[in-house]
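Visitor: Kindly return the folded structure for what I paste below:
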Amino acid sequence: MVTSLVLKAPLYLLALAGLAALIFAVLLAFPLKRPPTLTSLHAGALKLDHTDMPELTRFQARDGSWLAYRLYPATGADTGQKPARVVILAHGSSGSSSQMNGMAKAFGAAGVTAVSPDIRGHGASGTRGDTAYLGQIEDDLADLVAQIRLSRPQARFALVGHSLGGGFVARIAGRPVGGEFDRLVMDAPFLGHDAPTNGEGNSRWAVADVPRTIGLVILHGLGITIGESLPVIAYATDPAAKSTTSSYSFRLLADYGPGFRWAETKATLRANAARLRLVAGADDDLMNAPAFETEIKPLGVPVTLVPGVDHMGACYDPAALAAVVAAVKDN
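Guide: Now for the predicted structure:
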């Protein structure tokens, strides 16, 4: 039998190579198409607060790259609290640290130091729309926390993410670096393409190359990483907005967000419910806001829906900001 297996091994390898070649051909046969600009979301982005925005600062990640972030020192009445509070803010899909400027200032005014990074693949951090390997953004987050701890060794950390960044928060809750945070807040989160909280508006904001994504998932399962730099999702950004990231590679999409399976995300939310909070606008135009109450709250995660607030408003409307700040400071 051993001899038979040895003789057949080259055939198995050839079959595997043939399957990989076939899949890679499919990847190239279905190019990603960019959707038209989603004017409603663009209009909301124009309402973001960009006043008094601090200059970018940089820290060195473990791969040697210098990644960008903005620092907002606490200025409010609670700055003397011991141990000090630090919140890291994760922006939404295609965005950058500037998107979270209003929220960061709200935290500063509440006595909480805020750090708003350009997530790798966005803004001034790394190659726009890509990462170098799966898991790199998680490593970057750990490196950023370590950098902040150099000057604030006793700080208590919170993580807040808006939209896709909220989905990232959901996934990080179950990862090793998630243990650094005693509070994790999902702000109008995208929890996955198959999540019941995903609204119809999302189909107009993001268009995925499904055949390419499936092919790359299969190849990755076989240990083949060729092609993972290919774009697999495009966003309905305004072409004139040069600061946005219009598409993501497979690596970036797999790294930044909730992951590909709602069942896994749901299990993570349930297991980490005590540290999680969810805030969203009741009038969210991308997500199914009522489903946050019916699907997420039963998992044990407290949910706050803010009346009269849409998807982008969840990161700049004063009532929404107050709800997010309160979610971080309620423990």
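Visitor: Not counting its neighbours along the chain, what's nearest residue 172?
Guide: residue 178 (4.7 Å; Cβ to Cβ, 6 or more residues apart in numbering). For glycine as for every other residue, the C-beta is placed from the backbone atoms N, C-alpha and C.
Visitor: can you check residue 273 too?
Guide: Leaving aside its chain neighbours, residue 273 sits nearest to residue 300 (3.3 Å; criterion: Cβ to Cβ, 6+ apart).
Visitor: Same question for residue 148.
Guide: residue 86 (6.0 Å).
Visitor: just residue 108 next, same as before
Guide: Using Cβ to Cβ, 6+ apart, the nearest residue to residue 108 is residue 72, at 4.5 Å.
Visitor: go on, residue 167?
Guide: residue 258 (3.4 Å).
Visitor: where does the residue nearest to residue 172 land in three-state SS?
Guide: helix (DSSP: H, G, I helix; E, B strand; the rest coil).
Visitor: Same question for residue 310.
Guide: Classification of residue 310 by three-state DSSP places it in coil.
Visitor: what about the nearest residue to residue 254 once chain neighbours are set aside, which helix or strand?
Guide: What sits nearest to residue 254 in space, not counting adjacent residues and going by Cβ to Cβ, 6+ apart, is residue 134, at 5.4 Å. For residue 134, there is no host helix or strand (DSSP states H and E).
Visitor: going forward can the numbers begin at 91, since that is how I track them
Guide: Okay, residue one is now 91; in that scheme the one you just asked about reads as residue 224.
Visitor: Roughly how far does residue 224 sit from residue 350?
Guide: If you measure residue 224 against residue 350 using Cβ to Cβ, to the nearest Å, the figure is 12 Å.
Visitor: still on that earlier bit, could you double-check that the residue nearest to residue 344 lies in contact with residue 346?
Guide: No. At 10.8 Å, residue 224 does not count as touching residue 346 under the criterion of Cβ atoms under 8 Å.
Visitor: Do you have the helices of the stretch 191-340 of the chain handy? List them.
Guide: Secondary structure of the stretch 191-340 of the chain by DSSP state H, counting those that start in this stretch: the helices cover 191-199, 226-239, 254-262, 292-295, 300-311, 340-345.
Visitor: just checking, what packs against the third one?
Guide: Spelled out, it's helix 254-262. strand 175-180, helix 226-239, strand 246-252, strand 271-277, helix 352-361, strand 366-371 (3 or more Cβ pairs under 8 Å, 6 or more residues apart in numbering; DSSP states H and E).
Visitor: For the residue nearest the centre of the chain, which residues are in contact?
Guide: Central residue of the chain (Cα atoms, centre = their mean): residue 255, 2.9 Å from the mean position. Listed by Cβ atoms under 8 Å, 6 or more residues apart in numbering, the contact set of residue 255 reads 179-182, 185, 209, 277, 279, 346.
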